[in-house]
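Peer 1: Need a 3D model of the following:
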Amino acid sequence: MKTRRYEMAARQQAKDATREAILAAAVDAIMAAKSFDITLPAVAQRAGVTVKTVLRHFGNRETMIDAAWSRAYQDVLDERTPPSGNPGDALRVLIAHYERRGDLVLAILADADDPRAQQMSATGRLAHREWVENVFDAALPADPARRTRLIDVLVVATDVYAWKLLRRDRALSVDDVHDRMTMMTESVLR
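Peer 2: Residues are numbered from 1 along each chain as shown. Model prediction:
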């Protein structure tokens with residue numbers, strides 16, 4: 001009996017590892033393509049499995065992409081988690097996130113015709129607003145109207161488009177982007 005339970009546990013671990021490899025491959029494929037226009041064969045090849053194995057785990061391409069999006073979204077939230085009480089360090093975390101995923105985020109934002117991209121963009125905007133509220137909470141006024149106005153401006157000052165303008169369009173260094181975002185946020189909060 002113990003051998004059978006051990007074999008079943010080992011099989012389940014192998015199955016879980018295969019699913020994780022497929023999810024990681026799907027996320028990598030999406031990031032490489034900067035689009036959801038990925039194929040099952042491309043994901044299977046990246047994961048080192050067959051298309052049949054991908055289908056056995058996810059049923060179809062759309063379900064696999066949805067699962068990859070959920071994984072990527074959780075990864076984004078984890079990597080954007082700011083250190084508490086230090087907006088300067090929080091901006092460094094945010095800029096590092098933009099360095100890793102900013103171009104993908106911009107591509108998703110530009111894909112206004114894809115309902116999945118629209119949903120992801122809306123979810124990302126809400127998450128960014130929450131990030132801003134958490135990072136700058138101690139410096140924000142208690143008055144709700146004034147607080148909302150300041151949050152609106154801080155969201156713009158720290159948005160991926162601000163990063164794009166500074167990093168991609170102006171070709172500033174990461175440190176210079178941090179400097180400019182710090183300047184904008186501090187100016188807003190004064």
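Peer 1: Centre-most residue in this protein?
Peer 2: Centroid check for the chain by C-alpha atoms, centre = their mean gives Val76 as the closest residue, at 3.2 Å.
Peer 1: Please list all residues in contact with it.
Peer 2: With contact taken as C-beta atoms under 8 Å, 6 or more residues apart in numbering, Val76 is in contact with His97, Arg101, Gly124, Ala127. For the C-beta atoms, the positions are set from N, CA and C on the backbone; glycine is no exception.
Peer 1: what does Ile65 give?
Peer 2: Counting by C-beta under 8 Å, 6+ apart, Ile65 makes contact with Ala26, Ile30, Phe36, Ile38, Arg116.
Peer 1: rerun that using 7 Å as the cut-off
Peer 2: Applying C-beta atoms under 7 Å, 6 or more residues apart in numbering to Ile65 gives the contacts Ala26, Phe36.
Peer 1: returning to what we had before: mind giving me CSV with the contacts of Val76 and columns for neighbour count and pLDDT?
Peer 2: Below are the contacts of Val76 laid out as CSV (neighbours: other C-beta atoms under 10 Å; pLDDT from 0 to 100):
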residue, neighbour count, pLDDT
His97, 21, 95
Arg101, 18, 91
Gly124, 16, 92
Ala127, 14, 95
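Peer 1: Tell me where the protein has helices.
Peer 2: Secondary structure of the chain (DSSP state H): helices located at 2-33, 40-47, 51-58, 61-79, 87-110, 115-136, 144-157, 160-163, 174-189.
Peer 1: For the longest one, which helices and strands make contact with it?
Peer 2: Identification of packing neighbours for helix 2-33 by 3 or more C-beta pairs under 7 Å, 6 or more residues apart in numbering; DSSP states H and E yields helix 40-47, helix 51-58, helix 61-79.
Peer 1: least reliable of the ones you listed going by mean pLDDT?
Peer 2: The minimum mean pLDDT among these belongs to helix 61-79 (a mean of 91).
Peer 1: Okay, buried residues for it please.
Peer 2: Arg61, Met64, Ile65, Ala67, Ala68, Trp69, Ala72, Val76 (16 or more other C-beta atoms under 10 Å).
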